[in-house]
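**Student:** Below are the sequence and a predicted model; questions follow.
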Amino acid sequence: MLIEINNLIKTYSMGENEVTALRDIDLRIDKNEYLAIMGPSGSGKSTLMNILGCLDTPTSGVYKFRNVDVSSLDDDALSAMRNKEIGFIFQNFNLLPRLNALQNVELPLVYSGTPTAERRSRAIKSLERVGLADRMDHKPGELSGGQRQRVAIARALVTNPGILLADEPTGALDSHTGEDIMRLFHDLHQEGNTIILITHEQEIADYAHRNIFIKDGTIHYDRPNTSRKSVV
């Protein structure tokens with residue numbers, strides 16, 4: 001079991017009031033799963049993503065990652081887990097404009113103190129893995145939207161994380177480029193990566209093997225995707 005969540009609740013204080021964003025969430029995710037978490041705005045899916053990504057902690061309940069109780073970790077331990085175990089992919093890429101593609105991909109390894117030669121080698125391999133061997137010296141402003149997302153995916157892969165957590169990964173792309181990115185996710189899953197998509201688009205969720213729908217802070221359904229899109 002890669003992820004185990006039991007009776008998870010998340011509340012926020014809004015002045016004198018408390019808002020419950022997640023209530024009684026139970027979830028199991030195995031290694032090499034490919035799943036999509038869906039829900040409308042305000043459903044709680046972003047809150048769940050932040051907890052899965054160790055960017056936030058639950059108010060109560062248990063979140064275990066590789067059998068480690070994440071709920072009990074302090075800020076430094078959470079930061080270390082994020083850097084080592086979670087590969088983040090965002091809708092707007094979050095690349096540093098003054099750095100070239102190779103330098104952007106190296107960043108997580110810089111933060112973890114990886115020696116220069118090793119991090120350069122790993123970053124090159126990661127860019128090759130996403131088909132950007134010939135764009136390593138280009139800055140984000142010199143790349144297309146699809147290429148920038150590939151750089152972001154390479155950056156997410158460079159630490160060999162336990163999961164790839166992708167938040168609306170095609171939201172800033174045209175439909176053709178979005179299909180290219182979903183094809184890449186398919187290939188990465190075939191290579192053994194665990195992929196969690198956060199999306200409000202059923203069309204994107206249809207690529208995943210398992211669909212989870214959140215509504216009003218609870219899991220409305222969690223089921224295999226028996227009609228998933230084929231990738232050619």
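**Tutor:** Nice, I can see it.

**Student:** For the rest of this, base every contact and every neighbour count on C-alpha atoms.
**Tutor:** Noted.

**Student:** Was I right to think Leu173 contacts Gly145?
**Tutor:** Yes - Leu173 lies in contact with Gly145 (Cα atoms under 8 Å); the separation is 6.3 Å.

**Student:** which residues touch Ile163?
**Tutor:** Going by Cα atoms under 8 Å, 6 or more residues apart in numbering, Ile163 touches Glu85, Ile86, Gly87, Asn193, Thr194, Ile195, Ile196.

**Student:** Mind doing that once more with 10 Å?
**Tutor:** Applying Cα atoms under 10 Å, 6 or more residues apart in numbering, we find Ile163 in contact with 2-3, 31-34, 52-53, 84-88, 156-157, 193-196.

**Student:** overlap in contacts of Leu173 and Gly145?
**Tutor:** Shared contacts of Leu173 and Gly145 (Cα under 10 Å, 6+ apart): Asn92.

**Student:** In terms of secondary structure, what does the helix or strand of the chain with the lowest mean pLDDT contact?
**Tutor:** When the helices and strands of the chain are scored by mean pLDDT, DSSP states H and E, helix 75-85 comes last with a mean of 90. On a contact count with 3 or more Cα pairs under 10 Å, 6 or more residues apart in numbering; DSSP states H and E, helix 75-85 meets helix 101-111, strand 163-167.

**Student:** so what's the residue sitting nearest the centre point of the chain up against?
**Tutor:** Closest residue to the average C-alpha location of the chain: Leu165 at 1.0 Å, with Cα atoms, centre = their mean. Contacts for Leu165 were tallied using Cα under 10 Å, 6+ apart; they are 36, 49-50, 52-53, 86-90, 156, 194-198.

**Student:** for stretch 217-229, which positions count as buried?
**Tutor:** Gly217, Thr218, Ile219, Asn225, Arg228 (16 or more other Cα atoms under 10 Å).

**Student:** wait, stretch 138-148
**Tutor:** By neighbour count with 16+ other Cα under 10 Å, stretch 138-148 contains the buried residues Lys139, Pro140, Gly145, Gly146, Gln147, Arg148.

**Student:** just how off-centre is that stretch within its chain?
**Tutor:** 20 Å (Cα atoms, centre = their mean, to the nearest Å).

**Student:** Do me a favour and average the pLDDT over it.
**Tutor:** Taken as a whole, stretch 138-148 has a mean pLDDT of 96.

**Student:** State the next helix or strand along the chain beyond the longest helix along the chain.
**Tutor:** Determined from DSSP state H, the single longest helix within the chain is helix 175-190. Downstream of helix 175-190, the first helix or strand assigned by DSSP states H and E is strand 195-199.

**Student:** Which elements pack onto the helix or strand following that following strand?
**Tutor:** Later in the chain than strand 195-199, the nearest helix or strand by DSSP H and E is helix 202-205. Using 3+ Cα pairs under 10 Å, 6+ apart, the elements in contact with helix 202-205 are strand 34-38, helix 175-190, strand 195-199, strand 210-215.
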